[in-house]
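Undergrad: take a look and give me a structure for this.
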Amino acid sequence: MFELNLRKHYGSAGAVLLLLVFLGELTFSIRQQSLSWDEGDHIFAGYMSWKKVDFGINPEHPPLVKALAAIPLLPIHLKVPDPKGLASFKDEAYFDGRDFIFGNGGEAEADRIIFRARMAAASLSLLLGLLVFLAAREMFGDGAALFALALVVFEPNMIAHGAYVTTDMGISCFIVVLARNADQQKESSIAPDWRLSGCVDHRHRGALGFLRFSLCRTARWNAVESLAR
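TA: I've put the predicted structure just below:
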């Protein structure tokens, strides 16, 4: 009986193990990396969206990932820098973000802020791995699903960038959801839903992904109907 249960759940157990390995990789990786170009203004923008309900900082990127990354910072008392009044909103966000991170207690506190924000952002990479596993298992079974998840877990770009406070992992998650649900959709009507909302909330260009999948899906159904005739 125990052996049968083990065989039944080996896929799920393997997925949990691989995701834990992925979490360890991301945790170790981000401690070795300095702040990237746009992470400072993303973190600052996310913090201000919670504390001041101010979505005017870094407005060219949607707020969801930035707000997610700022959640672990909310219990910390952090000093918000005064606006510099720069002509470009991008310059203002960049310099204010640097002051916010490095002006709250020196390098040690900056490392703490960056680490907390990155670990929150890393949850999207873990979610992406889980989505890949679930989609592959539904289509091809446990063996293929574990192989697909392993490709995500040990892919160098995922390890290097999977915890950055950027919109890349967010849009990747929702594109996987969008692609899988577009494949399963049986009706020809194309209506925006929460999957489109997720893409847009993570990155404006995510809407293009929705349009692309919608066009491909419509073309495929038309081809199938033509062959059926």
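Undergrad: could you pull out the buried residues of the helix or strand where Trp50 lies?
TA: Trp50 is located in helix 39-51, with elements delineated by DSSP states H and E. For helix 39-51, the buried set under the neighbour-count rule, 16 or more other Cβ atoms under 10 Å, comprises Glu39, Gly40, Asp41, His42, Ile43, Phe44, Ala45, Gly46, Tyr47, Met48, Ser49. The C-beta positions use only the backbone N, C-alpha and C, and glycine is treated the same way.
Undergrad: so where's this protein uncertain?
TA: Scanning the chain for pLDDT under 70 picks out the ranges 1-8, 182-229.
Undergrad: now do the domain split for it, please.
TA: What automatic domain parsing lists as the domains of the chain is 2-163, 167-229.
Undergrad: before we move on, the earlier item: helices and strands around the helix holding Trp50, which ones?
TA: helix 64-70, helix 89-102, helix 106-140 (3 or more Cβ pairs under 8 Å, 6 or more residues apart in numbering; DSSP states H and E).
Undergrad: how does it look with 7 Å?
TA: Secondary-structure packing of helix 39-51 (3 or more Cβ pairs under 7 Å, 6 or more residues apart in numbering; DSSP states H and E): helix 64-70, helix 89-102.
Undergrad: just the buried positions in the helix or strand hosting Leu17, please.
TA: Following DSSP H and E, the helix or strand that holds Leu17 is helix 2-31. Neighbour-count burial for helix 2-31 flags Gly11, Gly14, Ala15, Leu18, Leu19, Phe22, Leu23, Glu25, Leu26, Ser29, Ile30 (criterion: 16+ other Cβ under 10 Å).
Undergrad: got it, and stretch 135-152?
TA: Using 16+ other Cβ under 10 Å as the test for burial, stretch 135-152 gives Ala135, Ala136, Arg137, Asp142, Ala145, Leu146, Ala148, Leu149, Ala150, Val152.
Undergrad: before we move on, back to that, please identify the most buried of the domains of the chain.
TA: Burial of the domains of the chain is given as mean neighbour count (mean count of other Cβ atoms under 10 Å); domain 2-163 ranks first at a mean of 17.
Undergrad: how far is that one from where the chain is centred?
TA: On the basis of Cα atoms, centre = their mean, to the nearest Å, domain 2-163 sits 7 Å off its chain's mean C-alpha point.
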